[in-house]
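In: after the sequence you'll find the predicted model.
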Amino acid sequence: MIEVKTEKEIEFIRTASSVVAKTLVIIKKEIKPGISTFYLDELARESIEARDSKPAFLGYRGYPATACVSVNEEVIHGIPSRDKIIRDGDIVSVDLGAVYKGFYGDSAITVPVGNVEKEHLRLIEVTERALIEGLGAVRNGARLGDVSNAVQAFAEKNGMSVVRDFTGHGIGRHLHEEPSIPNYGPAGTGPVLRTGMTIAVEPMICLKGNAVHFLKDGWTVVTDDGCFSAHFEHTVCVTEDGCEILSKREG
Ligand code: MF3
Ligand code: CO
(Lines give C-alpha, C1' and ligand atoms only; values in the text may rest on other atoms or scores of the structure.)
(Ligands and ions follow the chains in the order given, each with its own letter.)
Protein backbone atom coordinates (compact mmCIF):
# COMPACT_ATOMS: atom_id res chain seq x y z
CA MET A 1 0.00 0.00 0.00
CA ILE A 2 1.26 3.48 -0.85
CA GLU A 3 0.57 5.78 2.06
CA VAL A 4 -1.08 9.19 1.60
CA LYS A 5 0.46 11.64 4.08
CA THR A 6 -1.37 14.20 6.18
CA GLU A 7 -0.48 17.90 5.81
CA LYS A 8 1.35 17.72 9.15
CA GLU A 9 3.43 14.74 8.04
CA ILE A 10 4.23 16.48 4.76
CA GLU A 11 5.40 19.52 6.73
CA PHE A 12 7.99 17.36 8.55
CA ILE A 13 9.12 15.69 5.30
CA ARG A 14 9.39 19.20 3.79
CA THR A 15 11.63 20.30 6.65
CA ALA A 16 13.82 17.18 6.45
CA SER A 17 14.12 17.64 2.68
CA SER A 18 15.04 21.31 3.00
CA VAL A 19 17.75 20.38 5.53
CA VAL A 20 19.16 18.03 2.88
CA ALA A 21 18.87 20.70 0.16
CA LYS A 22 20.67 23.35 2.25
CA THR A 23 23.40 20.86 3.11
CA LEU A 24 23.90 19.90 -0.55
CA VAL A 25 24.35 23.61 -1.41
CA ILE A 26 27.05 23.89 1.27
CA ILE A 27 28.80 20.72 0.10
CA LYS A 28 28.68 21.69 -3.56
CA LYS A 29 30.69 24.85 -2.85
CA GLU A 30 33.41 22.78 -1.13
CA ILE A 31 33.93 20.24 -3.90
CA LYS A 32 37.29 21.05 -5.46
CA PRO A 33 40.53 19.28 -6.36
CA GLY A 34 42.57 18.15 -3.34
CA ILE A 35 39.79 17.64 -0.79
CA SER A 36 38.84 14.18 0.48
CA THR A 37 35.37 12.68 0.29
CA PHE A 38 35.61 12.25 4.09
CA TYR A 39 35.76 16.05 4.46
CA LEU A 40 32.46 16.33 2.58
CA ASP A 41 30.96 13.75 4.93
CA GLU A 42 32.04 15.77 7.98
CA LEU A 43 30.46 18.92 6.52
CA ALA A 44 27.27 17.01 5.84
CA ARG A 45 26.99 15.69 9.37
CA GLU A 46 27.67 19.11 10.96
CA SER A 47 25.11 20.83 8.75
CA ILE A 48 22.39 18.25 9.37
CA GLU A 49 22.94 18.18 13.13
CA ALA A 50 23.02 22.01 13.30
CA ARG A 51 19.50 21.94 11.84
CA ASP A 52 17.89 19.83 14.57
CA SER A 53 18.05 16.73 12.37
CA LYS A 54 19.93 13.44 12.15
CA PRO A 55 21.78 11.78 9.27
CA ALA A 56 19.42 9.26 7.69
CA PHE A 57 21.99 6.92 6.15
CA LEU A 58 24.39 6.58 9.13
CA GLY A 59 23.77 3.09 10.52
CA TYR A 60 21.12 2.27 7.92
CA ARG A 61 21.69 -1.45 7.27
CA GLY A 62 25.14 -0.81 8.72
CA TYR A 63 26.09 2.02 6.35
CA PRO A 64 29.07 3.75 8.02
CA ALA A 65 28.71 7.42 6.96
CA THR A 66 26.36 10.41 6.62
CA ALA A 67 26.71 10.90 2.86
CA CYS A 68 27.23 8.62 -0.12
CA VAL A 69 29.98 10.16 -2.28
CA SER A 70 30.43 8.39 -5.63
CA VAL A 71 33.16 9.52 -8.04
CA ASN A 72 33.29 8.94 -11.82
CA GLU A 73 32.51 5.25 -12.60
CA GLU A 74 31.06 4.86 -9.09
CA VAL A 75 27.28 4.97 -9.50
CA ILE A 76 25.97 5.16 -5.92
CA HIS A 77 26.81 4.33 -2.27
CA GLY A 78 30.47 5.37 -2.39
CA ILE A 79 31.75 5.38 1.21
CA PRO A 80 33.54 8.63 2.15
CA SER A 81 37.22 8.12 2.95
CA ARG A 82 40.20 10.22 4.03
CA ASP A 83 42.19 8.47 1.29
CA LYS A 84 39.78 9.29 -1.53
CA ILE A 85 40.97 12.64 -2.94
CA ILE A 86 38.94 14.54 -5.52
CA ARG A 87 40.86 15.50 -8.71
CA ASP A 88 40.39 17.93 -11.56
CA GLY A 89 38.14 16.37 -14.20
CA ASP A 90 36.16 14.21 -11.75
CA ILE A 91 32.39 14.12 -11.46
CA VAL A 92 31.20 13.70 -7.88
CA SER A 93 27.76 12.42 -6.87
CA VAL A 94 26.62 13.29 -3.36
CA ASP A 95 23.55 11.53 -1.97
CA LEU A 96 22.20 12.67 1.38
CA GLY A 97 19.32 11.91 3.73
CA ALA A 98 18.11 13.61 6.92
CA VAL A 99 15.53 12.74 9.57
CA TYR A 100 13.52 15.54 11.20
CA LYS A 101 11.08 14.63 13.98
CA GLY A 102 10.95 11.06 12.68
CA PHE A 103 10.41 11.97 9.00
CA TYR A 104 12.86 11.54 6.14
CA GLY A 105 14.14 13.68 3.26
CA ASP A 106 16.47 12.34 0.54
CA SER A 107 18.22 14.08 -2.37
CA ALA A 108 21.28 13.73 -4.59
CA ILE A 109 23.33 15.87 -6.99
CA THR A 110 26.28 15.28 -9.32
CA VAL A 111 28.92 18.00 -9.51
CA PRO A 112 31.67 18.48 -12.16
CA VAL A 113 35.13 19.38 -10.81
CA GLY A 114 37.26 21.79 -12.86
CA ASN A 115 38.02 20.77 -16.43
CA VAL A 116 35.54 17.98 -17.10
CA GLU A 117 35.29 16.26 -20.48
CA LYS A 118 32.39 17.46 -22.58
CA GLU A 119 30.68 14.08 -22.70
CA HIS A 120 30.75 13.91 -18.91
CA LEU A 121 29.22 17.37 -18.61
CA ARG A 122 26.52 16.17 -20.98
CA LEU A 123 26.00 13.06 -18.83
CA ILE A 124 25.36 15.28 -15.80
CA GLU A 125 22.96 17.51 -17.76
CA VAL A 126 21.02 14.58 -19.21
CA THR A 127 20.69 12.95 -15.78
CA GLU A 128 19.36 16.11 -14.13
CA ARG A 129 16.96 16.70 -17.01
CA ALA A 130 15.84 13.05 -16.89
CA LEU A 131 14.86 13.64 -13.26
CA ILE A 132 12.92 16.77 -14.27
CA GLU A 133 11.21 14.83 -17.09
CA GLY A 134 10.21 12.12 -14.61
CA LEU A 135 8.86 14.67 -12.15
CA GLY A 136 6.95 16.27 -15.03
CA ALA A 137 4.89 13.07 -15.23
CA VAL A 138 3.94 13.15 -11.53
CA ARG A 139 0.39 14.27 -10.72
CA ASN A 140 -2.76 13.01 -9.03
CA GLY A 141 -4.12 10.16 -11.19
CA ALA A 142 -0.89 9.47 -13.11
CA ARG A 143 0.51 5.93 -13.18
CA LEU A 144 3.94 5.18 -11.73
CA GLY A 145 5.01 3.77 -15.12
CA ASP A 146 4.46 7.22 -16.64
CA VAL A 147 7.23 8.55 -14.39
CA SER A 148 9.59 5.63 -15.03
CA ASN A 149 9.03 5.82 -18.76
CA ALA A 150 9.63 9.58 -18.92
CA VAL A 151 13.05 9.12 -17.28
CA GLN A 152 14.02 6.22 -19.53
CA ALA A 153 12.80 7.84 -22.74
CA PHE A 154 14.77 11.02 -22.10
CA ALA A 155 18.00 9.20 -21.19
CA GLU A 156 17.86 6.81 -24.13
CA LYS A 157 16.90 9.54 -26.60
CA ASN A 158 20.22 11.09 -25.59
CA GLY A 159 22.14 7.88 -26.21
CA MET A 160 22.67 7.02 -22.55
CA SER A 161 21.51 4.09 -20.42
CA VAL A 162 19.53 3.75 -17.22
CA VAL A 163 20.67 1.64 -14.24
CA ARG A 164 18.06 -1.06 -13.61
CA ASP A 165 19.39 -2.67 -10.44
CA PHE A 166 18.43 0.23 -8.14
CA THR A 167 15.29 2.35 -7.92
CA GLY A 168 13.66 5.36 -6.31
CA HIS A 169 11.14 4.85 -3.52
CA GLY A 170 8.31 6.14 -1.41
CA ILE A 171 9.52 8.10 1.62
CA GLY A 172 8.09 9.36 4.90
CA ARG A 173 8.38 7.82 8.34
CA HIS A 174 10.91 5.47 6.70
CA LEU A 175 13.72 6.16 4.23
CA HIS A 176 12.35 3.50 1.89
CA GLU A 177 8.62 2.95 1.58
CA GLU A 178 6.37 1.62 -1.14
CA PRO A 179 6.36 1.99 -4.06
CA SER A 180 9.73 1.20 -5.53
CA ILE A 181 10.25 3.54 -8.50
CA PRO A 182 12.24 2.09 -11.42
CA ASN A 183 13.81 4.46 -13.94
CA TYR A 184 12.54 2.39 -16.86
CA GLY A 185 9.35 0.65 -17.92
CA PRO A 186 6.13 1.11 -19.88
CA ALA A 187 3.89 4.17 -19.42
CA GLY A 188 0.28 3.56 -18.40
CA THR A 189 1.16 0.73 -16.00
CA GLY A 190 1.75 0.42 -12.26
CA PRO A 191 0.05 1.97 -9.25
CA VAL A 192 -1.88 5.24 -9.48
CA LEU A 193 -0.31 8.28 -7.80
CA ARG A 194 -2.53 10.27 -5.46
CA THR A 195 -2.27 13.75 -3.93
CA GLY A 196 -0.36 13.55 -0.65
CA MET A 197 1.92 10.66 -1.57
CA THR A 198 5.61 11.46 -1.00
CA ILE A 199 8.19 9.84 -3.26
CA ALA A 200 11.92 10.04 -4.05
CA VAL A 201 12.70 9.84 -7.76
CA GLU A 202 16.37 9.15 -8.48
CA PRO A 203 17.69 8.38 -11.95
CA MET A 204 21.16 6.80 -12.14
CA ILE A 205 22.34 7.22 -15.73
CA CYS A 206 25.43 5.75 -17.45
CA LEU A 207 27.33 7.14 -20.39
CA LYS A 208 27.58 3.66 -21.99
CA GLY A 209 26.48 0.32 -20.53
CA ASN A 210 24.07 0.05 -17.60
CA ALA A 211 25.56 -3.14 -16.08
CA VAL A 212 26.89 -2.56 -12.54
CA HIS A 213 28.50 -4.49 -9.70
CA PHE A 214 29.52 -4.00 -6.06
CA LEU A 215 33.09 -3.33 -4.96
CA LYS A 216 34.59 -5.52 -2.23
CA ASP A 217 33.56 -2.98 0.44
CA GLY A 218 30.04 -4.36 -0.02
CA TRP A 219 28.54 -0.90 -0.71
CA THR A 220 30.08 0.97 -3.62
CA VAL A 221 28.26 0.29 -6.90
CA VAL A 222 30.38 0.80 -10.06
CA THR A 223 29.78 0.39 -13.78
CA ASP A 224 31.08 -2.86 -15.32
CA ASP A 225 32.57 -0.98 -18.29
CA GLY A 226 34.27 1.70 -16.17
CA CYS A 227 32.40 4.49 -17.94
CA PHE A 228 31.13 7.42 -15.86
CA SER A 229 27.70 7.54 -14.24
CA ALA A 230 25.61 10.37 -12.73
CA HIS A 231 22.82 10.52 -10.13
CA PHE A 232 20.19 13.12 -9.21
CA GLU A 233 17.37 12.71 -6.71
CA HIS A 234 14.48 14.76 -5.33
CA THR A 235 11.94 14.07 -2.63
CA VAL A 236 8.55 15.32 -3.88
CA CYS A 237 4.91 15.41 -2.82
CA VAL A 238 2.20 14.52 -5.35
CA THR A 239 -0.32 17.37 -5.91
CA GLU A 240 -3.54 17.71 -7.94
CA ASP A 241 -1.77 18.96 -11.05
CA GLY A 242 1.89 18.06 -10.54
CA CYS A 243 4.26 17.83 -7.61
CA GLU A 244 5.95 19.99 -5.02
CA ILE A 245 9.73 19.47 -4.98
CA LEU A 246 10.39 19.26 -1.24
CA SER A 247 14.19 19.06 -1.63
CA LYS A 248 14.43 22.07 -3.97
CA ARG A 249 17.74 23.95 -3.62
CA GLU A 250 17.95 27.75 -3.49
CA GLY A 251 19.21 29.41 -6.68
N1 MF3 B 1 19.70 7.67 -1.15
C2 MF3 B 1 19.82 6.25 -1.07
C3 MF3 B 1 18.50 5.68 -1.50
O4 MF3 B 1 17.66 6.40 -1.84
C5 MF3 B 1 20.10 5.80 0.31
C6 MF3 B 1 21.45 5.35 0.50
S7 MF3 B 1 21.44 3.81 1.23
C8 MF3 B 1 22.45 3.97 2.57
O9 MF3 B 1 18.32 4.50 -1.52
F10 MF3 B 1 22.59 2.84 3.05
F11 MF3 B 1 23.56 4.49 2.18
F12 MF3 B 1 21.87 4.72 3.42
CO1 CO C 1 16.71 7.72 -2.29
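Out: Sure thing, it's come through. Ligands and ions are numbered 1, 2, ... in the order given.
In: now do the host helix or strand of S18: distance to the chain's middle.
Out: Here S18, judged by DSSP states H and E, is contained in helix 7-30. Mean-position distance between helix 7-30 and its chain equals 13 Å (C-alpha atoms, centre = their mean, to the nearest Å).
In: begin at 32, not 1, for the rest of this chat.
Out: With the count now opening at 32, the last piece we talked about shows up as helix 38-61.
In: tell me where the stretch 82-231 of the chain has strands.
Out: 85-86, 98-102, 105-107, 122-131, 134-143, 192-193, 199-201, 208-212, 229-232 (DSSP state E, counting those that start in this stretch).
In: okay if I get those strands as a markdown table plus mean neighbour count and distance to ligand 1?
Out: Any C-beta I mention is one placed from the backbone N, CA and C, and that applies to glycine too. Below are these laid out as a markdown table (neighbours: other C-beta atoms under 10 Å; distance: least, C-beta to the nearest ligand atom, whole Å):
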| stretch | mean neighbour count | distance to ligand 1 |
| --- | --- | --- |
| strand 85-86 | 20 | 9 |
| strand 98-102 | 26 | 5 |
| strand 105-107 | 24 | 7 |
| strand 122-131 | 26 | 4 |
| strand 134-143 | 25 | 5 |
| strand 192-193 | 21 | 16 |
| strand 199-201 | 23 | 6 |
| strand 208-212 | 17 | 10 |
| strand 229-232 | 27 | 6 |
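In: any chance of those strands in JSON lines, plus mean pLDDT?
Out: What follows is the strands of the stretch 82-231 of the chain, written out as JSON lines (pLDDT from 0 to 100):
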{"stretch": "strand 85-86", "mean pLDDT": "98"}
{"stretch": "strand 98-102", "mean pLDDT": "99"}
{"stretch": "strand 105-107", "mean pLDDT": "98"}
{"stretch": "strand 122-131", "mean pLDDT": "99"}
{"stretch": "strand 134-143", "mean pLDDT": "99"}
{"stretch": "strand 192-193", "mean pLDDT": "98"}
{"stretch": "strand 199-201", "mean pLDDT": "98"}
{"stretch": "strand 208-212", "mean pLDDT": "98"}
{"stretch": "strand 229-232", "mean pLDDT": "99"}
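In: can you put the ones you listed in a markdown table and add distance to E156?
Out: What follows is those, written out as a markdown table (distance: least, C-beta to C-beta, whole Å):
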| stretch | distance to E156 |
| --- | --- |
| strand 85-86 | 29 |
| strand 98-102 | 18 |
| strand 105-107 | 17 |
| strand 122-131 | 11 |
| strand 134-143 | 10 |
| strand 192-193 | 15 |
| strand 199-201 | 20 |
| strand 208-212 | 22 |
| strand 229-232 | 17 |
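In: can you count the residues close to R195?
Out: If you count neighbours by other C-beta atoms under 10 Å, R195 ends up with 15.
In: quick one: it and ligand 1, what's the gap?
Out: For R195, the distance to ligand 1 equals 15 Å [C-beta to the nearest ligand atom, to the nearest Å].
In: which residues does the residue nearest to G167 when sequence neighbours are not counted contact?
Out: Taking C-beta to C-beta, 6 or more residues apart in numbering, and ignoring the residues beside it in sequence, G167 has A181 as its nearest neighbour in space, at 6.4 Å. Residues counted as contacts of A181 (C-beta atoms under 8 Å, 6 or more residues apart in numbering) are 164-165, 167-168, 218.
In: put the buried members of those residues into a PyMOL selection.
Out: For the buried members of the contacts of A181, the matching PyMOL selection, counting by 16 or more other C-beta atoms under 10 Å, is:
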select buried, resi 164+165+168+218
